[in-house]
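Trainee: here is a sequence with its predicted model. Questions after.
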Amino acid sequence: MLTDHVSEWAKPYGIPTRTVDGNDLVAVSKAAREAVDQVRKTRKPFFLETYTYRLRGHMEPDDQAYVDANELASWKERDPIALLEQRLLMSGELTTDELATMKETVRLKVEEAAEFAAQSPYPSFDELTTDVYA
(Lines give C-alpha, C1' and ligand atoms only; values in the text may rest on other atoms or scores of the structure.)
Protein backbone atom coordinates (compact mmCIF):
# COMPACT_ATOMS: atom_id res chain seq x y z
CA MET A 1 0.00 0.00 0.00
CA LEU A 2 1.47 3.34 -1.00
CA THR A 3 -0.24 5.26 1.77
CA ASP A 4 -0.74 4.74 5.50
CA HIS A 5 -4.49 5.30 5.27
CA VAL A 6 -7.03 3.59 3.02
CA SER A 7 -9.15 6.72 3.28
CA GLU A 8 -6.77 8.25 0.72
CA TRP A 9 -8.20 5.86 -1.88
CA ALA A 10 -11.59 7.58 -1.76
CA LYS A 11 -10.32 11.11 -2.37
CA PRO A 12 -9.71 10.78 -6.15
CA TYR A 13 -13.39 9.86 -6.47
CA GLY A 14 -14.46 13.05 -4.75
CA ILE A 15 -15.66 11.20 -1.68
CA PRO A 16 -15.18 13.13 1.57
CA THR A 17 -13.04 11.20 4.05
CA ARG A 18 -11.96 11.23 7.64
CA THR A 19 -9.47 9.09 9.54
CA VAL A 20 -9.80 8.76 13.32
CA ASP A 21 -8.04 6.82 16.04
CA GLY A 22 -9.88 3.51 15.98
CA ASN A 23 -8.69 2.77 19.52
CA ASP A 24 -10.59 5.76 20.90
CA LEU A 25 -14.23 4.76 21.27
CA VAL A 26 -15.36 8.33 21.88
CA ALA A 27 -13.57 9.62 18.76
CA VAL A 28 -15.00 6.80 16.64
CA SER A 29 -18.52 7.36 17.96
CA LYS A 30 -18.34 11.11 17.33
CA ALA A 31 -16.88 10.69 13.83
CA ALA A 32 -19.47 8.05 12.94
CA ARG A 33 -22.32 10.29 14.04
CA GLU A 34 -20.90 13.18 12.00
CA ALA A 35 -20.45 10.94 8.96
CA VAL A 36 -24.01 9.63 9.24
CA ASP A 37 -25.33 13.18 9.57
CA GLN A 38 -23.40 14.26 6.48
CA VAL A 39 -24.62 11.29 4.43
CA ARG A 40 -28.22 11.95 5.47
CA LYS A 41 -27.86 15.63 4.65
CA THR A 42 -26.04 15.33 1.31
CA ARG A 43 -27.29 11.86 0.24
CA LYS A 44 -23.69 11.19 -0.89
CA PRO A 45 -21.10 8.67 0.32
CA PHE A 46 -18.60 9.36 3.06
CA PHE A 47 -15.49 7.29 3.81
CA LEU A 48 -14.70 6.91 7.51
CA GLU A 49 -11.50 5.08 8.40
CA THR A 50 -11.02 3.99 11.97
CA TYR A 51 -7.28 3.44 12.15
CA THR A 52 -6.33 0.63 14.49
CA TYR A 53 -4.14 -2.45 14.82
CA ARG A 54 -4.90 -6.17 15.00
CA LEU A 55 -3.65 -7.32 18.42
CA ARG A 56 -4.18 -11.01 17.76
CA GLY A 57 -3.26 -13.35 14.95
CA HIS A 58 -5.41 -14.23 11.98
CA MET A 59 -6.48 -17.40 13.79
CA GLU A 60 -6.07 -18.83 17.29
CA PRO A 61 -2.84 -20.82 16.70
CA ASP A 62 -1.20 -17.74 15.12
CA ASP A 63 1.54 -16.67 17.55
CA GLN A 64 2.33 -13.54 15.49
CA ALA A 65 6.05 -14.37 15.40
CA TYR A 66 6.19 -12.24 12.22
CA VAL A 67 5.15 -9.08 14.13
CA ASP A 68 7.71 -6.75 15.66
CA ALA A 69 7.41 -7.29 19.43
CA ASN A 70 7.93 -3.60 20.27
CA GLU A 71 5.32 -2.51 17.75
CA LEU A 72 2.80 -4.99 19.13
CA ALA A 73 3.56 -3.96 22.73
CA SER A 74 3.09 -0.30 21.79
CA TRP A 75 -0.33 -0.99 20.29
CA LYS A 76 -1.37 -3.20 23.21
CA GLU A 77 -0.86 -0.18 25.48
CA ARG A 78 -3.57 1.51 23.42
CA ASP A 79 -6.09 -1.35 23.70
CA PRO A 80 -9.49 0.32 23.14
CA ILE A 81 -11.25 -1.66 25.86
CA ALA A 82 -8.62 -0.86 28.48
CA LEU A 83 -8.60 2.81 27.42
CA LEU A 84 -12.38 3.04 27.75
CA GLU A 85 -12.27 1.32 31.14
CA GLN A 86 -9.69 3.87 32.33
CA ARG A 87 -11.71 6.77 30.96
CA LEU A 88 -14.92 5.60 32.66
CA LEU A 89 -13.16 4.90 35.96
CA MET A 90 -11.33 8.24 35.96
CA SER A 91 -14.53 10.17 35.17
CA GLY A 92 -16.45 8.38 37.91
CA GLU A 93 -18.98 7.03 35.44
CA LEU A 94 -18.01 3.50 36.49
CA THR A 95 -16.71 2.04 39.75
CA THR A 96 -14.24 -0.82 40.05
CA ASP A 97 -17.00 -2.97 41.55
CA GLU A 98 -19.32 -2.23 38.63
CA LEU A 99 -16.52 -3.02 36.19
CA ALA A 100 -15.78 -6.33 37.93
CA THR A 101 -19.48 -7.24 37.86
CA MET A 102 -19.71 -6.35 34.18
CA LYS A 103 -16.67 -8.47 33.31
CA GLU A 104 -18.02 -11.44 35.25
CA THR A 105 -21.42 -11.12 33.53
CA VAL A 106 -19.73 -11.09 30.12
CA ARG A 107 -17.48 -14.03 31.05
CA LEU A 108 -20.51 -16.08 32.09
CA LYS A 109 -22.42 -15.20 28.90
CA VAL A 110 -19.46 -16.20 26.73
CA GLU A 111 -19.05 -19.42 28.68
CA GLU A 112 -22.76 -20.18 28.28
CA ALA A 113 -22.63 -19.45 24.53
CA ALA A 114 -19.57 -21.66 24.11
CA GLU A 115 -21.27 -24.49 25.98
CA PHE A 116 -24.39 -24.09 23.82
CA ALA A 117 -22.25 -24.24 20.68
CA ALA A 118 -20.36 -27.30 21.90
CA GLN A 119 -23.62 -29.12 22.68
CA SER A 120 -25.35 -28.16 19.42
CA PRO A 121 -25.43 -30.60 16.51
CA TYR A 122 -23.48 -29.82 13.37
CA PRO A 123 -25.67 -28.49 10.55
CA SER A 124 -26.60 -30.88 7.77
CA PHE A 125 -24.94 -30.60 4.36
CA ASP A 126 -28.08 -29.14 2.79
CA GLU A 127 -27.71 -26.16 5.14
CA LEU A 128 -24.08 -25.58 4.19
CA THR A 129 -24.79 -22.50 2.09
CA THR A 130 -27.82 -21.18 4.00
CA ASP A 131 -27.42 -17.48 4.75
CA VAL A 132 -24.14 -17.33 2.81
CA TYR A 133 -23.90 -14.50 0.32
CA ALA A 134 -21.13 -13.68 -2.12
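Mentor: Thanks, I have the structure now.

Trainee: what average pLDDT does the helix ranked longest in the chain get?
Mentor: The helix of greatest length in the chain, counted in residues with DSSP state H as the criterion, is given as helix 96-119. The predicted model gives helix 96-119 an average pLDDT of 98.

Trainee: now do that helix: everything it contacts.
Mentor: Counting contacts by CB atoms under 8 Å, 6 or more residues apart in numbering, the residues outside helix 96-119 that touch it are 85, 88-89. Using the backbone N, CA and C atoms, a C-beta is placed for each residue, glycine as well.

Trainee: mind putting these into CSV with neighbour count?
Mentor: Below are the contacts of helix 96-119 laid out as CSV (neighbours: other CB atoms under 10 Å):
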residue, neighbour count
E85, 16
L88, 15
L89, 14
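
Trainee: phi first, then psi, for the residue nearest the centre of the chain.
Mentor: Within the chain, one residue has its C-alpha closest to the average C-alpha position: by CA atoms, centre = their mean, that is G22, at 7.6 Å. Taking degrees, to the nearest 10, you get phi -70, psi -10 for the backbone angles of G22.

Trainee: that one against V28, yeah?
Mentor: Yes: A contact is recorded between G22 and V28 when judged using CB atoms under 8 Å, the distance being 6.1 Å.

Trainee: mind listing the shared neighbours of these two?
Mentor: Residues touching both G22 and V28 comprise T50, with contact defined as CB under 8 Å, 6+ apart.
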